[in-house]
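Asker: With the sequence up front, the predicted model follows.
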Amino acid sequence: MKIIIAKFEDHEGPVRGINFHNSLPLFVSGGDDGNVKVFNYKQKRCLFTLKGHIDYIRTVFFHHELPW
């Protein structure tokens, strides 16, 4: 049985990469729409979108030291 806690549908198309921040309630995602999005999962909303990739994004991650 699958339990859905929250659903984020801000990407247009499949999401290929996701990474959760180590200490903040954030996750970053990248998908076939060529966008990288940063979400606050406690607020259940997208904080901002990084655009400019010309192809899909497979992997995303937070830097282990920066920015927080």
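Answerer: Great, that's in hand.

Asker: doesn't Lys37 make contact with His53?
Answerer: No. Look at His53 against Lys37 with C-beta atoms under 8 Å: they stay out of range, at 11.9 Å. For the C-beta atoms, the positions are set from N, CA and C on the backbone; glycine is no exception.

Asker: So between those two, which is more surrounded?
Answerer: Lys37 (23 against 13; other C-beta atoms under 10 Å).

Asker: doesn't Asp10 make contact with the more buried one?
Answerer: Yes. At 5.7 Å, Lys37 and Asp10 qualify as touching, with contact defined as C-beta under 8 Å.

Asker: thought Pro25 was touching Tyr41?
Answerer: Yes. Counting by C-beta under 8 Å, Tyr41 is a contact partner of Pro25 at 5.4 Å.

Asker: rewinding a little: now for Lys37 and Asp10: what residues contact both?
Answerer: Shared contacts of Lys37 and Asp10, defined by C-beta atoms under 8 Å, 6 or more residues apart in numbering, are found at Cys46, Thr49.
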